[in-house]
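Peer 1: Generate a structure from the sequence data that follows.
(one chain, ligands or ions: 1)
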Amino acid sequence: MYRLDLEDNSLSFEGRRHEPLSLECNFVGFCSQCEGDLSSIAYYRICGSWAVAARCRGCGKLFVLRFDRSWSIEEESELGAGLCEGSSFEPPRASRLNDLSREELEAVFTPAELRDMERCERGEAYTRQNLYRARAKYDKFERLFGVRIDI
Ligand SMILES: [Zn+2]
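Peer 2: As a prediction, the model looks like this:
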């Protein structure tokens, strides 16, 4: 399974990370799913042959094309993409307190912290210390309830 890191365009394959040699955007073939044009995102050298990460202009799917030394195509595989290992499973972000359960919020934050989080969210004046104290607990809240607060 190949995996493209969208942040630095490195390609993970069999547990190894390959840095792109080139980020040229060229036409590299046709999509096996929709026959759309494939355009390259990055080129890599893997074990003496070439690999090209490409995106279909038709359906948006990502592929890896493997070529031998003389640029004959050897293999085409679908490509998974993510920002990096781990962060592709980011918990959903909830920026609105109203979307969260009051019970869960009250289990972690004090009434004063909640009041100032709400005020900050509404753009009203709030007590900074309360918000700072609340922010220090966002990790805990995420651990407990799987939601990252973003205020
Ligand atoms: Zn396609």
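
Peer 1: just the helices in the protein please.
Peer 2: Here the chain has its helices, by DSSP state H, at 102-108, 111-122, 128-135, 138-145.

Peer 1: any idea of the angle the third one forms with helix 111-122?
Peer 2: Here helix 128-135 runs at an angle of 100 degrees relative to helix 111-122 (axes from the mean of the first three to the mean of the last three CA atoms, to 10 degrees).

Peer 1: Can you say which of the helices of the chain is nearest to the ion?
Peer 2: helix 138-145 (36.5 Å; CB to the ion). Where you see a C-beta, it was placed from the backbone N, CA and C, and this is true even at glycine.

Peer 1: So for the closest one, what gets flagged as buried?
Peer 2: 138, 141, 145 (16 or more other CB atoms under 10 Å).

Peer 1: Could you double-check that the last one lies in contact with residue 106?
Peer 2: No - Residue 145 sits out of contact with residue 106 when judged by CB atoms under 8 Å, with a separation of 11.8 Å.
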